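Colleague: Here's a sequence, model it:
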Amino acid sequence: MAKIAVIKTGGKQYKVKEGESIKIEKLELEVGARVKFDTLLISDDEANNLEIGKPSLGEKVEAKVVEHGKGKKVTAVKFKNKVRYKRTLGHRQPYTKVEISSIA
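Modeller: Predicted coordinates:
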């Protein structure tokens, strides 16, 4: 069992493992850049040493930016009855895909 951690970035929390790739809210970094997440909330390793931060631990998670992209399209429809009004809106949320390199 690999080391597991819960990090907080972009207003959301993610459960990560070493070597795993995750999609997070967009970061203004270039592809190949290294990023450190220092808001580590929970850490667990092979020996089941569970550490819970109050509110966060002093450890860091390092990751590498793999790619930038946009998520699936989300559509919303505005409709008003009896007045022939209908509008369709669409949105694609930008994301950054990172690969977790180490949990220190």
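
Colleague: What is the burial count for residue 63?
Modeller: Using other C-beta atoms under 10 Å, residue 63 is surrounded by 26 other residues. Using the backbone N, CA and C atoms, a C-beta is placed for each residue, glycine as well.

Colleague: Ok, residue 40 next?
Modeller: Counted with other C-beta under 10 Å, the neighbours of residue 40 add up to 21.

Colleague: where in the protein is pLDDT low?
Modeller: Scanning the chain for pLDDT under 70 picks out the ranges 1.

Colleague: Centroid-wise, who is the farthest residue in it?
Modeller: In the chain, counting by C-alpha atoms, centre = their mean, residue 82 sits farthest out from the average C-alpha position, at 43.2 Å.

Colleague: before we move on, what SS does that residue have?
Modeller: coil (DSSP: H, G, I helix; E, B strand; the rest coil).

Colleague: what sits against it?
Modeller: Residue 82 makes no contacts at all, as judged by C-beta atoms under 8 Å, 6 or more residues apart in numbering.

Colleague: For this structure, which segments are assigned as helices?
Modeller: Read by DSSP state H, the chain holds no helices at all.

Colleague: Which residues does the spatially most central residue of the chain form beta bridges with?
Modeller: For the chain, residue 24 is the residue whose C-alpha lies nearest the centre (C-alpha atoms, centre = their mean; 2.6 Å). Counting by DSSP bridges, residue 24 forms beta bridges with residue 96.

Colleague: swap in residue 62?
Modeller: Bridge pairing for residue 62 - DSSP bridges - gives residue 36, residue 102.

Colleague: Let me know whether it touches residue 102 as I believe.
Modeller: Yes: counting by C-beta atoms under 8 Å, residue 62 does reach residue 102; the two are 4.8 Å apart.
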